[in-house]
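Student: structure for this input, please:
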Amino acid sequence: MTSHLSLTSYTSSLISPISRFTPSSSLNLHFPSSTFSPLSLPTLSSSLHTNRFLTAAKSSNSPVGEFEELEGDELMEIDDDDDDVDDVMDDEVDVTELEMEAEKVAREYALSLSKELKIEEEPVGEKGTRGRKKTRESIKAVNIPDHLLPKVAIVGRPNVGKSALFNRLVGGNRAIVVDEPGVTRDRLYGRAFWGNQEFMVIDTGGVLTVSKSQTDVMEQQLSVSTTIGMEGIPLAFREAAVARMPSMIERQATVAVEESSVIIFVVDGQAGLNAADVEIGDWLRKNYSNKSIILAVNKCESPRKGVMQASEFWSLGFTPLPISAVSGTGTGELLDLVCSGLGNIEDSEVENKEEDYIPSIAIVGRPNVGKSSILNALVGEDRTIVSPVSGTTRDAIDTEFEGPDGQKFRLIDTAGIRKRTAVASSGSTTEALSVNRAFRAVRRSDVVALVVEALACITEQDYKIAERIEREGKGCLIVVNKWDTIPNKNQQTTLHYEEDVRTKLRILNWAPIVYSTALAGNSVDRIIIAASEVEKERSRRLSTATLNQVVHEALAFKSPPRTRGGKRGRLYYCTQAAIRPPTFVFFVNDAKLFPETYRRYMEKQLRTDAGFSGTPIRLLWRSRKKSERGSGQAPASKPTPNLTRKKLVAAT
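Tutor: Reported below is the predicted structural model:
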């Protein structure tokens, strides 16, 4: 068959199944560009642009690399006048080797991208947790769901070291530790172990009592909030919200105490006994005498002086135990007491209830867009504190949630992310750490719900957050919250608003949009439905046969452009090397011959024909020279990802 093919013959060759070949055979993906008139290609495109590829992609379970061999009449042979490019002939390509090489390329690229997107590591408590991490790896524990584990609550007045003790028990730097009162506000959960016992530890905010007047508390909170950008809220409204903050923190601590079997009452050994400690001790003794209460005297670094410091707290009615959350002194004895007070879990409760893979959904956005309100509306309780005061949420709050269809999710509420310059100019260490926690939440999540405020629409900071989500390779949905604040809505309002969002967040043009009103609970269930669909798309794998069929059509409609020297890019083989996010590796003669515009075109064709709604896709281009194709050796050059300095053209 010559290069001068009839339109009928060319059409039949496109519609016929792409070659299924064994590791010893190869696939010819070269198509003529000058054989047909320009008018014939759009006509052909309209007839072939159907949803058959999407259906095949979702229903295909064929293993990667398994193909059906073409008949001789179906092979397309063309006369190529490019001296620098040869067609791939049979027995020249080892498909198994290419698949392995593609996986290696994907791993190298993911590692390099992870190093580029650095998240600052905090040295606090790092030395004290190294040994615990190694010990934890050597213990073979049953993977028990969080809600079945016994719980231990840490309570006390502000700034006594509760968060430092929480980090010591769970390992790592989960809670923000800053030498200022009132940093922790919401309940923060973490899994801990001691011996063969595993349990949940709950960090709580400081319980404010009569030892500090309400006026002092309000002034302190106002001074913090003004540094986080409160200019848009009237002072009277702000004062009312700040006045309610202590009671909301206290309510969160009460919930933690009520659901726990053991209570660790933390006091400050260096500051000594004060009225707040006495009042909290009386409250625990009167209301929770049926629970195991452990009095931990913190900040007793010296074992000899610690006994003297702890002796002052005998008057509280509990046996004081001197510890140091920073150095770890006395924490072993503390954990022995904790385990003795915990009830054993019945084996029947654990059987058939091991925790499967649970996708994580991070709720991120600028301050005061309604992230905590969305979390509370989804779980049906006041899991986090909601306030018009910006910066209310500090830590990343993890909550398990079960959807209407029984699917479990882990919701992560995060602090509002402001501009880096604004955070630096405020001088707030707490806010800087909160933003760092938010980025970590994005890193460990599967799907990110980017929340924007309806009236404010899309800002520059929203676009910066969207760029970060895309580069992290996370699935994403855009949540337009406070939809009820849009006046005079009609049928055209949603269409115009979506067009505006797509224009300003063009980097997330593949993300679904959900409109909700979290405070009223309107349409919040759609967030979980959309997130579930995004996670399925993010975890979907195309068979190599289906993928090459899509690429076959894309090349037929638009060939790679020629350079000024007459050279043209040639595609030899493509495969999906990874999921979460879907990563595709294209083996070509020279990656430099495929410009950014053509790479974007290939990504668009993949999305059009194969789906992947709500998830970024990575397109990596690997150069293979003639000698490497013949010998089967891997090229010495590094993979050329579809990457620019400011953004990834192929979704990452």
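Student: so where's the stretch 1-150 of the chain uncertain?
Tutor: Within the stretch 1-150 of the chain, the segments meeting pLDDT under 70 span 1-93, 120-143.
Student: let's see 50
Tutor: 1-91, 123-142 (pLDDT under 50).
Student: mind listing what Asn481 touches?
Tutor: Applying C-beta atoms under 8 Å, 6 or more residues apart in numbering to Asn481 gives the contacts 369-370, 373-374, 451-454, 516-518. For every residue, glycine as well, the C-beta is placed using N, CA and C.
Student: rerun at 7 Å
Tutor: Asn481 makes contacts with 369-370, 374, 451, 453-454, 516, 518, as judged by C-beta atoms under 7 Å, 6 or more residues apart in numbering.
Student: next: Pro581.
Tutor: Here Pro581 is in contact with 473, 538, 615-618 (C-beta under 7 Å, 6+ apart).
Student: looking at these, which has the most residues close by?
Tutor: Highest neighbour count within the contacts of Pro581, by other C-beta atoms under 10 Å: Thr615, with 28 neighbours.
Student: mind giving me the domain split of this structure?
Tutor: 146-206+247-349, 360-386+396-424+431-539, 544-623 (the TED database).
Student: what pairs with Asp398 across the strands?
Tutor: Beta-bridge partners for Asp398, by DSSP bridges, are Ile412.
Student: hang on, it packs against Phe409?
Tutor: No. When contacts are counted by C-beta atoms under 7 Å, Asp398 is not listed as touching Phe409 (10.7 Å).
Student: tell me which of those two has more neighbours.
Tutor: Each of Asp398 and Phe409 has its neighbours counted (other C-beta under 10 Å); Phe409 has more, 21 against 18.
Student: the more buried one: which element?
Tutor: In this structure, Phe409 is located in strand 408-413 according to DSSP states H and E.
Student: on that earlier part again, okay, the domains of the chain in a markdown table with distance to Lys115 next?
Tutor: Output for the domains of the chain, formatted as a markdown table (distance: least, C-beta to C-beta, whole Å):
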| stretch | distance to Lys115 |
| --- | --- |
| domain 146-206+247-349 | 20 |
| domain 360-386+396-424+431-539 | 12 |
| domain 544-623 | 16 |
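Student: among those domains, which is nearest Ala102?
Tutor: domain 544-623 (3.8 Å; C-beta to C-beta).
Student: could you tell me the end-to-end distance of the closest one?
Tutor: 19 Å (C-alpha to C-alpha, to the nearest Å).
Student: now do stretch 148-156
Tutor: So stretch 148-156: terminal residues 25 Å apart, C-alpha to C-alpha.
Student: from the rest of the structure, what touches the strand or helix carrying Ile293?
Tutor: For Ile293, the host element (DSSP H and E) is strand 292-298. Identification of contacts with strand 292-298 by C-beta under 7 Å, 6+ apart yields 160-161, 165, 261-269, 284, 309-310, 313, 316, 318-325, 334, 337-338, 341.
Student: quick one: low-confidence parts of the stretch 451-600 of the chain?
Tutor: Ranges of the stretch 451-600 of the chain meeting pLDDT under 50: none found.
Student: which residue ranges of it form strands?
Tutor: Secondary structure of the stretch 451-600 of the chain by DSSP state E, counting those that start in this stretch: the strands cover 475-481, 513-515, 571-578, 583-588.
Student: need those in TSV with distance to Ser292, can you?
Tutor: Listed next are the strands of the stretch 451-600 of the chain as TSV, based on distance: least, C-beta to C-beta, whole Å:
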stretch	distance to Ser292
strand 475-481	42
strand 513-515	44
strand 571-578	48
strand 583-588	50
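Student: among the contacts of Pro581, which pair sits farthest apart?
Tutor: The span of the contacts of Pro581, defined through C-beta to C-beta, is set by Arg538 and Arg618 at 11.8 Å.
Student: quick one, phi/psi of Lys299?
Tutor: phi 70, psi 30 (degrees, to the nearest 10).
Student: equivalent analysis for Gly566, please.
Tutor: phi 90, psi 0.
Student: burial count for it?
Tutor: The burial count for Gly566: 10, using other C-beta under 10 Å.
Student: do the same with Gly272
Tutor: Using other C-beta under 10 Å: Gly272 sits among 11 other residues.
Student: tally up the residues packed near the closest residue to it other than its chain neighbours, please.
Tutor: Nearest residue to Gly272, sequence neighbours excluded (C-beta to C-beta, 6 or more residues apart in numbering): Glu312, at 5.9 Å. Neighbour count of Glu312, defined by other C-beta under 10 Å: 15.
Student: confidence score at Glu312?
Tutor: The per-residue pLDDT reported for Glu312 equals 91.
Student: doesn't Thr430 fall inside a strand?
Tutor: No. Read with DSSP: H, G, I helix; E, B strand; the rest coil, Thr430 is helix and lies in no strand.
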